[in-house]
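Trainee: quick one, fold the following:
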Amino acid sequence: MTDMTQFDNIYYNQSARPGRLRFANSGLGWKSSSKSVPTPFLLPQSEFVSANWSRAAKGYECRILTKDRGTIQFDGFDLDDFDKLKSTIKHHFDTVLETRPHSIKGWNWGKTEFERTELIFNVSNRASFEIPYAQVSNTNLVGKSEVALELNMDEEDAARGPSGVKDELVEMRFFIPGTVVKNEEDEDSDASDVEEQNAATAFYETMKERADIGQVAGETIVSFSDIMFLTPRGRYDIDMYPTYLRLRGKTYDYKIQYSSIERLFLLPKPDDLHNVLVLQLDPPLRQGQTRYTFLVVQFLKEEEIEVELNLEDEEFQAKYADKLKKKYDQAAHEVVGQVFRGLSGCKITVPGSYISVHGQAGVKCSWKASEGYLYFLDKSFLFIPKPTIFMNHSEVSSVTLSRVGGSVSSSRTFDITVTLKNGTAHNYSSINREEQTPIEQYLKSKNIKIKNDLVDDQTYLAAALGSDSDDSDVDVAPRGDRGSASEDEESVDEDFQDDGDDSDGSGTSTGSEDDDENAQSGASDSEVSAAADEDDDDDEKPAKKRQKN
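Mentor: All right, here's what the predicted structure looks like:
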């Protein structure tokens with residue numbers, strides 16, 4: 001056999017493009033056929049442990065277990081390549097290529113087995129699927145009997161943008177009922193001292209240890225303790241690593257790549273007590289069925305932090321000198337914001353030119369039943385804290401200013417409806433009426449179309465307040481001309497008198513005497529009707545008393 005063996009059209013770890021796989025006495029190497037991946041993958045012979053052969057998505061695959069690099073998968077082999085690959089691995093690595101048949105029953109229950117580099121799910125003593133520990137980005141304990149595993153996304157697909165991303169598995173959940181023996185491997189422990197723990201908890205702790213999800217001492221660049229998050233709600237410790245950050249809470253832990261951070265906002269809260277740092281993520285943070293596209297972090301204005309980066313001077317000068325400071329001693333929101341900006345490479349958006357009547361960058365309002373703050377930034381609108389809604393000016397079709405309700409008390413506030421070009425409308429209510437002028441000036445300066453429905457409301461409100469009536473609960477009249485209201489009342493009275501003359505049966509009037517007689521007749525009729533009303537009232541009173549008794 002020659003010193004080198006080559007296989008064509010082989011995929012490395014489910015890569016999008018195939019490549020060439022070569023075996024030699026010194027090790028193996030794979031190079032992609034795409035020019036966008038110029039760096040080949042090389043594995044020295046000292047790292048090779050074992051290999052197995054099985055069916056896969058693109059035909060047959062060879063899974064190679066290594067010492068320190070986890071499990072390597074090469075997919076795309078034909079069935080005829082088995083004998084050639086088996087002899088090649090035996091010749092270069094002195095290892096037997098084992099055949100691993102998979103279970104094809106389709107059952108979703110079985111047993112889990114923690115191997116050296118991967119988790120194996122067995123059904124009827126056959127592997128149903130394998131999960132390499134290196135592919136697990138996070139794990140969470142959901143309830144008492146359920147564990148969720150979050151898997152890494154394909155960086156190559158993500159780099160091509162949304163149009164090139166393929167469907168892939170991002171989360172799995174395991175239902176693990178019952179209990180297991182704690183410290184089962186401890187041989188010195190007595191049978192009476194055996195402790196049991198929840199099986200799901202034991203699985204969760206083992207996965208954290210095998211996948212290196214927990215805190216790794218000495219590798220963090222900087223850590224922040226007990227930071228308040230409004231979304232998701234709770235206090236978390238933030239560990240900042242070179243390529244990702246980790247949020248560690250009492251219930252959930254999260255791992256976030258810096259590449260998934262799209263925008264950063266550092267804004268003062270209009271309550272004059274807090275500042276907020278907002279992170280926009282893509283893909284969003286997942287917690288079961290809930291997705292968090294925005295993370296909202298809150299700081300007290302007077303809170304300060306003093307930290308020093310855990311970096312050697314040479315490494316700091318080579319990688320972070322132009323992005324970060326070696327030591328920080330400032331306000332907490334400024335320190336955390338600068339560290340996020342330096343490690344993620346995203347610019348921080350701060351308040352723009354808009355200033356409210358009270359000198360703030362935002363106004364207090366409500367979105368449906370949620371109270372929050374609406375910020376008017378240079379290029380966008382932002383509502384926080386929950387739900388966090390971001391609207392870019394380029395996506396806005398128009399903004400409508402209106403007032404809901406007809407009472408005088410409702411004139412103290414007004415509503416803003418932001419209509420997007422895709423037809424979606426967001427209504428923000430209960431904004432102080434004093435903020436109308438600054439908001440209109442801001443919208444005009446940004447060339448945003450304004451629909452003002454408050455002009456007519458102001459006119460009718462002024463008319464209602466200017467009346468002689470002392471009643472504070474004055475109803476605003478409907479729009480239209482109300483100047484002839486008194487004349488209409490007089491015409492009704494005249495018609496009523498004419499109807500009375502016709503009903504009297506005295507014919508048409510020819511002189512003043514007839515008019516006097518008609519007037520007397522009308523008076524007598526009114527007296528008679530009044531007397532009849534009194535009689536009716538007298539008749540009704542005893543009936544009411546009897547009814548009460």
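Trainee: distance check, Ser137 against Leu149.
Mentor: To Leu149, Ser137 is 9 Å away according to CB to CB, to the nearest Å. For glycine as for every other residue, the C-beta is placed from the backbone atoms N, C-alpha and C.
Trainee: the more surrounded of these two?
Mentor: Leu149 (23 against 19; other CB atoms under 10 Å).
Trainee: helix or strand: which one has the closest residue to that one other than its chain neighbours?
Mentor: With sequence-adjacent residues excluded and distances taken as CB to CB, 6 or more residues apart in numbering, Leu149 is closest to Met172, at 4.8 Å. Using DSSP states H and E, the element containing Met172 is strand 171-175.
Trainee: so the residue nearest to Leu149 touches Val142, yeah?
Mentor: No - using CB atoms under 8 Å, Met172 is not in contact with Val142; the gap is 11.8 Å.
Trainee: what do those two both touch?
Mentor: Here Met172 and Val142 have Ala148 as joint contacts, going by CB atoms under 8 Å, 6 or more residues apart in numbering.
Trainee: from Ile389, how far out is the closest residue to Glu395 other than its chain neighbours?
Mentor: By the measure of CB to CB, 6+ apart, the closest residue to Glu395 outside its immediate chain neighbours is Leu420, 5.1 Å from it. In this view, Leu420 and Ile389 are 11 Å apart by CB to CB.
Trainee: picking that back up, now for the residue nearest to Glu395: which residues touch it?
Mentor: Applying CB under 8 Å, 6+ apart to Leu420 gives the contacts Met391, Glu395, Val396, Ser397, His426.
Trainee: which of these lies closest to Lys58?
Mentor: Taking CB to CB as the measure, Lys58 lies nearest Glu395 of the contacts of Leu420, at 41.0 Å.
Trainee: can I assume Pro177 sits in a helix?
Mentor: No - read with DSSP: H, G, I helix; E, B strand; the rest coil, Pro177 is coil and lies in no helix.
Trainee: number of residues surrounding it?
Mentor: For Pro177, using other CB under 10 Å, the count is 10.
Trainee: phi first, then psi, for the residue lying closest to it once chain neighbours are set aside.
Mentor: Distances taken as CB to CB, 6+ apart place Ser145 nearest to Pro177, at 5.0 Å, with adjacent residues excluded. Backbone geometry at Ser145, expressed as degrees, to the nearest 10, gives phi -130, psi 20.
Trainee: quick one, strands of the stretch 51-200 of the chain?
Mentor: 59-66, 71-77, 98-99, 111-114, 118-123, 126-132, 136-142, 146-151, 171-175, 179-182, 195-198 (DSSP state E, counting those that start in this stretch).
Trainee: buried residues in the fifth one, which are they?
Mentor: For strand 118-123, the buried set under the neighbour-count rule, 16 or more other CB atoms under 10 Å, comprises Glu118, Leu119, Ile120, Phe121, Val123.
Trainee: how long is stretch 125-142 end to end?
Mentor: This stretch, stretch 125-142, spans 28 Å end to end (CA to CA, to the nearest Å).
Trainee: sorry, back to before: quickly list what's touching both of Leu420 and Ile389.
Mentor: Shared contacts of Leu420 and Ile389, counting by CB under 8 Å, 6+ apart, come down to His426.
Trainee: and the gap between the residue lying closest to Tyr328 once chain neighbours are set aside and Ser225?
Mentor: With CB to CB, 6+ apart as the criterion, Tyr328 has its nearest non-adjacent residue at 4.5 Å, and that residue is Val335. Applying CB to CB, the value for Val335 to Ser225 is 13 Å.
Trainee: the more surrounded of the two?
Mentor: Using other CB under 10 Å as the criterion, Val335 and Ser225 rank with Val335 on top: 21 against 11.
Trainee: what comes up buried for the host helix or strand of the more buried one?
Mentor: Using DSSP H and E, Val335 sits within helix 332-344. The neighbour-count check on helix 332-344 (16+ other CB under 10 Å) flags 332-344 as buried.
Trainee: for the stretch 351-500 of the chain, which segments count as helices?
Mentor: 436-445, 455-465, 485-504 (DSSP state H, counting those that start in this stretch).
Trainee: how about residues contacting the shortest one?
Mentor: By CB under 8 Å, 6+ apart, the residues outside helix 436-445 that reach it are 353-357, 363, 376, 399, 401, 414, 416, 431, 450, 452, 454.
Trainee: which pair of these spans the longest distance?
Mentor: The span of those, defined through CB to CB, is set by Ser353 and Leu454 at 23.2 Å.
Trainee: what about those two, which has more around it?
Mentor: Relative neighbour count places Leu454 above the other of Ser353 and Leu454, with 18 against 12, counting by other CB under 10 Å.
Trainee: returning to what we had before: relative to Gly76, which of the buried residues of strand 118-123 is nearest.
Mentor: Glu118 (20.1 Å).
Trainee: quick check: bridge partners of the closest one?
Mentor: Pro132 (DSSP bridges).
Trainee: now it: how far from Leu65?
Mentor: Taking CB to CB, one finds Glu118 at 8 Å from Leu65.
Trainee: identify the contacts common to the two.
Mentor: Thr71.
Trainee: okay, now the unreliable bits of the stretch 401-549 of the chain?
Mentor: 404-410, 454-549 (pLDDT under 70).
Trainee: apply 50 and report the result again.
Mentor: 406-409, 467-549 (pLDDT under 50).
Trainee: residue contacts, Ile384?
Mentor: Leu230, Leu267, Val276, Val278, Phe294, Val296, Gly372, Tyr373, Tyr375.
Trainee: want to try CSV for those residues, with pLDDT as columns?
Mentor: Shown next, in CSV, are the contacts of Ile384 (pLDDT from 0 to 100):
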residue, pLDDT
Leu230, 94
Leu267, 94
Val276, 95
Val278, 96
Phe294, 95
Val296, 95
Gly372, 93
Tyr373, 94
Tyr375, 95
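Trainee: many thanks, I have nothing further to ask.
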